[in-house]
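Undergrad: Structure for this input, please:
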Amino acid sequence: MYIHLLNTIKALAMSLMMFSHINSSQLGGQKLQSIKKFDLNDGTFIRYTEQGAGQPLLLLHTIRNRLEYSDQLLPYLTKKFKIYVVDLPGHGDSPINKKTNYDQGFLTDSIVSFIEDLNLKNLTIAGESIGAVLAATIAIKKPNRIKKIFCFNAYDYDKRFAQGVMRGNFMATFLLFHVSLPLGLGVFFAKLESFPTLWMIFRGGVHKKSAITSEYIKLLCTSTKKPGFIYHERNVFQNHKSWLNDESLYQGLKTPVNLIYGESDWSKKDEKLKTMEALGLSSFNTMNETGHFSFLESPKEVSEIILT
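TA: Have a look, this model is predicted:
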């Protein structure tokens, strides 16, 4: 079975790559010139950009992603906001420290330090997936700095390794189950992450399949070449309990919050309702024809929600 699947992946890789020829200088586009670095307390840094004018807005991406994830939102938002976009620690082209535990607490503290160091006040945060969870945990820690948060497709329901992502399709289930295996086996299967596997997994997170382009997947694949990539990917998922919506995750949140789900998000109805109640809300908004990766799939609709 494994040999057949590996041969299928190789064949798909060759066919997909025929349609994915792009100039590497175009990856990330115009933002390459404006990328800055913010030092973290573990000796690494995170990339970030700032652009636009107005009140500050911080955009936080999903699990297994990078700051360019928010690119399509920027044309809609830069006229009203000064926008800050970051790589979450260890993500994108930001380096990895294999001694760091990349749990929710570390990511929260890292972004809190970023906000404090840049002295951001009256800040709006819009995050997707684990970025949505971080929007809430950051607001709990720094309520006096945060004006409002938007939580898109909160990824706070994993009770085991990559449970939500595995709901996307067969490839996500197969690959991530095996990546979760101990030590050598898990590392071996993690090395299978490539253009075709990532392309298929991300397509399992959208309603409109055309939203996942070969250009964007090729950009995501650049992260796999970083030292420590496999450690980081496994470590983030292994820390699923730190992201889980239990009795304490959102305790003490007082900042105004808007909760939004794509109708095709991986989360189940009871998980959405549990998060809604934990955030102190009586309802949540639903985006039609949208899955987990709404910043890619429905940027105009996401922007309209943030602008209202």
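Undergrad: Just read off the phi/psi values of Gly52.
TA: phi 90, psi -180 (degrees, to the nearest 10).
Undergrad: I'd say it and Pro75 touch.
TA: No - the criterion here is CB atoms under 8 Å, and Gly52 misses it with Pro75 at 10.1 Å. C-beta coordinates here come from the backbone N, C-alpha and C atoms, glycine included.
Undergrad: Of these two, which one has the most company?
TA: Counted by other CB atoms under 10 Å, Gly52 and Pro75 do not tie: Gly52 has more neighbours, with 16 against 11.
Undergrad: What's opposite the more buried one in the beta bridge?
TA: Beta-bridge pairing of Gly52 under DSSP bridges involves Lys82.
Undergrad: Quick one: residues contacting it.
TA: Applying CB atoms under 8 Å, 6 or more residues apart in numbering to Gly52 gives the contacts 74, 77-83.
Undergrad: Turn the residues you listed into CSV, columns for pLDDT, distance to Val302 and neighbour count.
TA: Below are the contacts of Gly52 laid out as CSV (pLDDT from 0 to 100; distance: CB to CB, whole Å; neighbours: other CB atoms under 10 Å):
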residue, pLDDT, distance to Val302, neighbour count
Leu74, 97, 11, 19
Leu77, 97, 9, 23
Thr78, 95, 14, 15
Lys79, 92, 16, 10
Lys80, 96, 14, 16
Phe81, 98, 13, 24
Lys82, 97, 18, 16
Ile83, 98, 13, 23
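Undergrad: Among the residues you listed, which one sits closest to Gly252?
TA: Phe81 (26.4 Å; CB to CB).
Undergrad: what sits against that closest one?
TA: Contacts of Phe81 by CB under 8 Å, 6+ apart are 52-57, 124.
Undergrad: from these, which ones fall inside helices?
TA: Nothing among the contacts of Phe81 maps onto helices, per DSSP state H.
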